[in-house]
Every structure is written in structure tokens, then in C-alpha cells.
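Visitor: here you go, sequence then predicted model.
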Amino acid sequence: MSYYSDKKYKEKSKQKDLWFERLYFDRWFKDNQGPILDIGSATGNFMAVKPEIFEGIEKDKDSVEIARRRGLKVFEMDIEKDINTLPAEKYQGVYAKQVIEHLNDPLNFLKEIKRILKPGGRAVIYTPNCPYMLNKSFWDDYTHKRPFTRPALKRIAYDAGFEKFFVYEDFRCFPRLGGLMRLLHLSPAAVARFQRIFFIRGLSLILVLEKEQ
């Protein structure tokens, strides 16, 4: 087993443990009929929210084995080498959590995402929020290649050919915050706005890309 599959993205075997993943699925893909491609799907926790509309691609062999054992449709793939083999305009949604900062050619990655999205489809890209994460744990992951700032994400989205894109700063998780959000029905966006009042910066940026009709 690797640190990636055994620690960082450990399998969540019970549906009640997928609350966080369900929160983000509802935020970005609630009305999406699929198919949705999870790039860097790890052990499949995000896919497990609604597995019937998901496909996943993952480089880590241990993670692929775990995801397949869960009954998820995950394929072993080196994203940078083989993403160009995916069919054009197949996916209504693409999700890539903490992937782009690992790549040698992130511009080509976004161009390929645009190619495989259906017209009107949406891609959601998560990456560490720099420069704030540079002072915390960005380089603790030895596979990271480059950090992204908010302006950098906007520029690379533009160069990839997207006309409609947005960059959001995610909220920062703290112990018991999830329970409070559920109790008060607080949205991630509302929590992020509240935290910024107190100068609490989120540790992730979210790039949302929408392909023109």
C-alpha cells in the first residue's frame, strides 16, 4: 500500500462517512445526469456518492484495486500520457481534486478537459491555495510540481480556450465544523465568506470551467 491510498485518500466504507464528498457533489453536480469523469479518483470516495454516473481514472495501482473492489468503474491511467485517448465530448462533468499541481503540462491538461467535455459541460478543478499553502504544507507532498495562484488559474483557463470560468477560495475545515454546517444548513460558500471576515484563508482554490454550448 502507498501513503496515497492508505493514508491521504483512505477508503470510506460507510455512506455516513461520505458527508463531505456528498456536500461537494451537491455543490457542483447535483443536477448533472452524467457521465462524470473523476480524474485522479484515488480510492473512489467522491465517486461513491453516486457511482452509477461516474467513471474514474487513477495512476496509483493500489487505489485502483481498492476502487474496483468497491464496485466502482475506475481505470488505471497515466493522465499526462494517456488522457488524449479519451473520447471527445463524452462527459457532462469532470472533477479533478488536487491533480493539476502534480502535472508537467497543466495547460495541455485543461485543453484535453475542454475536448472531452460535452457542450454545456462543467469541470471542477481543486488545487492548493497559494501563496498561503506555501507557508503550510504544499511541498510536504514530494510529487507536487507547481503551485497555482488565483491569477494563474484564470490565465491558464483562458489559454486553454475556456470563455466561461470562475475561481473560488474554499472554506477551511476545522474540527466539528462539518457538524455545525449540517445543523445550521450552512453552504461552503457562506462559511468561506464568514471565515474571510476573520482573515481565515481557505487552503484550496476551486477553478470552475464551463464549456460553451
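Guide: Happy to help now that I have it.

Visitor: now the helix or strand hosting P128: mean pLDDT?
Guide: Per DSSP states H and E: P128 is located in strand 117-128. Confidence for strand 117-128, expressed as mean pLDDT, is 97.

Visitor: return the helix or strand in this protein with minimum mean pLDDT.
Guide: helix 3 (a mean of 64; mean pLDDT, DSSP states H and E).

Visitor: state the mean pLDDT of the helix or strand just after that helix.
Guide: Scanning forward in sequence from helix 3 by DSSP H and E, the next helix or strand is helix 19-29. Across helix 19-29, pLDDT averages out at 91.

Visitor: now helix 19-29: buried residues?
Guide: Buried residues in helix 19-29, counted by 16 or more other CB atoms under 10 Å: F20, E21, R22, Y24, F25, F29. In short, each C-beta sits where N, CA and C put it, glycine included.

Visitor: I'd like to know which elements it is packed against.
Guide: When contacts are defined as 3 or more CB pairs under 8 Å, 6 or more residues apart in numbering; DSSP states H and E, helix 19-29 packs onto strand 91-97, strand 117-128, helix 177-184, helix 188-197.

Visitor: now tell me what touches that helix from outside.
Guide: By CB atoms under 8 Å, 6 or more residues apart in numbering, the residues outside helix 19-29 that reach it are 12, 36, 45-46, 48-50, 93, 95, 122, 124, 178, 181-182, 187-188, 208.

Visitor: which stretches of the chain have low pLDDT?
Guide: 1-9, 135 (pLDDT under 70).

Visitor: pick out the residue closest to the middle of it.
Guide: Residue closest to the average C-alpha location in the chain (CA atoms, centre = their mean): K97, at 2.3 Å.

Visitor: identify the residues contacting the spatially closest residue to that residue that is not a sequence neighbour.
Guide: Leaving aside its chain neighbours, K97 sits nearest to Y126 (4.3 Å; criterion: CB to CB, 6 or more residues apart in numbering). Counting by CB under 8 Å, 6+ apart, Y126 makes contact with A96, K97, Q98, V99, D170, S204, L205, I206, L207.
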